[in-house]
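1. sequence first, then the predicted structure:
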Amino acid sequence: VAGLGNYMLRGTRHSVGMAVLDRLARQLAVAEGWRVDRRCCADVAVAAARGLELLLLKPRRFMNLNGLSVASAAKIYNLRPEDIYLVHDDLDKALGKVTIKLGGSARGHNGVRSCISALYSNEMTRLRVGIGRP
């Protein structure tokens with residue numbers, strides 16, 4: 001599960017993917033387990049939920065380069081694009097509205113575009129979190 005955003009601009013609307021992962025880590029009782037994985041330039045934590053092992057990932061790059069971290073982690077942890085969930089902001093959704101989408105285009109989202117390009121696939125599931133337009 002990759003929370004897309006601008007690592008250096010955490011707490012902003014466009015980094016809501018990282019905020020969702022922070023909340024998920026707290027709910028799964030692994031919030032103290034974040035560590036830097038320099039191999040993929042990301043903060044990672046491992047969690048278990050409903051019998052599955054989850055790798056939580058927050059890229060330490062700008063949004064338009066998040067895909068490099070996601071693709072590196074996929075290679076290191078032996079994940080296929082269809083195993084990956086991307087959590088990211090969506091300007092076209094009302095604040096707080098959440099939708100799930102399987103595959104498809106980036107719809108103008110630079111972080112998703114970066115992931116599609118780096119993974120050579122658009123088969124990732126996306127959890128789109130509405131941030132509305134200013």
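-> Happy to help now that I have it.

2. which SSE is immediately downstream of the helix or strand harbouring Arg23?
-> Applying DSSP states H and E as the criterion places Arg23 in helix 16-27. Going down the chain from helix 16-27, the next helix or strand is strand 35-37, by DSSP H and E.

3. that following strand pairs with which strands, and in what direction?
-> Using DSSP bridges, strand 35-37 pairs in its sheet with strand 42-49 (antiparallel).

4. could I get the CA-only coordinates of the partner strand as PDB?
-> The C-alpha trace of strand 42-49 is given here as PDB (Å, rounded to 0.1, in the frame of the first residue of the first chain):
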ATOM      1  CA  ALA A  42      10.900   5.300   1.200                       C
ATOM      2  CA  ASP A  43       9.600   4.900   4.700                       C
ATOM      3  CA  VAL A  44       8.300   1.400   5.100                       C
ATOM      4  CA  ALA A  45       6.400  -0.500   7.800                       C
ATOM      5  CA  VAL A  46       5.100  -4.100   7.800                       C
ATOM      6  CA  ALA A  47       1.700  -4.900   9.100                       C
ATOM      7  CA  ALA A  48      -0.700  -7.800   9.200                       C
ATOM      8  CA  ALA A  49      -4.400  -7.500   8.500                       C
END
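
5. many thanks, I have nothing further to ask.
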